[in-house]
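>>> Take a look and give me a structure for this.
(4 chains, ligands or ions: 4)
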There are 2 protein chains.
Amino acid sequence: MKTKNIKVTKQREIILDELRSLVTHPTADELYTNIKSRLPRVGLCTVYRNLERFYKEGLIGKIKGKPCRYDGKIESHNHIKCINCGKIEDLFVDIPVDTVEIDKLGYKLHSYKVEINGLCRKCNKESGRKKHVNKT
Amino acid sequence: MKTKNIKVTKQREIILDELRSLVTHPTADELYTNIKSRLPRVGLCTVYRNLERFYKEGLIGKIKGKPCRYDGKIESHNHIKCINCGKIEDLFVDIPVDTVEIDKLGYKLHSYKVEINGLCRKCNKESGRKKHVNKT
DNA sequence: ATGCAAATGATAATTATTATCATATGAAAA
DNA sequence: TTTTCATATGATAATAATTATCATTTGCAT
Ligand SMILES: [Mn+2]
Ligand SMILES: [Mn+2]
Ligand SMILES: [Zn+2]
Ligand SMILES: [Zn+2]
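Ligands and ions are numbered 1, 2, ... in the order given. Take a look at the predicted model:
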């Protein structure tokens, strides 16, 4: 009662394959650009449509934002984003949340995710030389 | 070297005052609607402009999303969002993050925030009666 | 009063995403 | 096989949220 047999099409195969091949977290548009060589006639909306579909089926991850980014990895993990260059990297660290307050509020916990911001090694080095960094 | 003397205008006073008076987390547009009675001639973009400005000055909080929501409370706290009705409530619970992996990756930790999703009491009750819930 | 920098509000532009719809596709039925 | 038919696709338009532009206004400092 979860994954309702999603039909395999050429575009779906390629979109999913391409996303899974990346260690980065591309936007729909970036992925669209990437697959153009393999699928010259694909439309951007097909990419959006299928990424959204995959996400709802639990096949891929999604990092909400403006723009949203997608993630080929679905093993539970978090992300750290560089506040300077915007890069997002995987972070495999368990973050336990105490549910006492959640229970008190009367909520039934469903899921949670930690959004971590930091300065990556590269930007950190550069900030030592330059005057100004940052563009959150 | 932080808050660079933000000029006080009538619209700024009212926008900030109104936001601070709310326990909810309004969107720019909702706040705009709210202040119409006090500032009939204000423009939506002034609301956006100043909320963004306040946020950058650290005077208010911002919950990124589509649409973004603003928060008059700046004491460190997290939020829990109902996956059914979309309501966002404050959650005062300390969530410690182990920085070992972050250090390993070479990042300098800046901030982090936990996005918790759950089913609120009201929606939970209703889901007992109704067939379908959910619209993440 | 006058000058002037900053803020405002009207408007247009942009960005990201979603909706609409005619056509294409491809597996299953006949 | 041809036909059927549900689903997917891609072109296009629409929408939502936010941001940019710019002429005008505001209100402190001369
Ligand atoms: Mn990831
Ligand atoms: Mn809050
Ligand atoms: Zn960086
Ligand atoms: Zn609810």
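
>>> model confidence over whichever strand or helix holds residue A:126, on average?
Here residue A:126, judged by DSSP states H and E, is contained in helix A:121-129. For helix A:121-129, mean pLDDT is 83.

>>> Please list the residues outside that helix that contact it.
A:82, A:84-85, A:119, A:133, B:105-108 (Cβ atoms under 8 Å, 6 or more residues apart in numbering or on different chains). C-betas here are computed from N, CA, C, even on glycine.

>>> at 7 Å instead, please
A:82, A:84-85, A:119, A:133, B:106, B:108 (Cβ atoms under 7 Å, 6 or more residues apart in numbering or on different chains).

>>> Now which of those residues would you call buried?
Buried subset of the contacts of helix A:121-129 (neighbour count, 16 or more other Cβ atoms under 10 Å in any protein chain shown): A:82, A:84, A:119, B:108.

>>> between the residues you listed, which is closest to DNA strand D?
Of all those, DNA strand D sits closest to residue A:84, with 17.5 Å by Cβ to the nearest atom of the strand.

>>> surely that closest one meets residue A:118?
No - with contact defined as Cβ atoms under 7 Å, residue A:84 does not count as touching residue A:118 (9.4 Å).

>>> interface residues of chain A facing DNA strand D?
Residues of chain A lying close to DNA strand D (Cβ under 7 Å from any atom of the strand) are A:6-7, A:9-12, A:39, A:41-46, A:49-50, A:66.

>>> And those residues, which is closest to residue B:91?
Of all those, residue A:66 has the smallest distance to residue B:91: 23.9 Å, by Cβ to Cβ.

>>> Doesn't that closest one belong to a helix?
No - Residue A:66 sits outside any helix when classified using DSSP: H, G, I helix; E, B strand; the rest coil, being coil.

>>> neighbours around it, how many?
9 (other Cβ atoms under 10 Å in any protein chain shown).

>>> Quick check: nearest residue in space to residue A:25, chain neighbours excluded?
Leaving aside its sequence neighbours, residue A:25 sits nearest to residue A:69 (Cβ to Cβ, 6 or more residues apart in numbering or on different chains; 4.1 Å).
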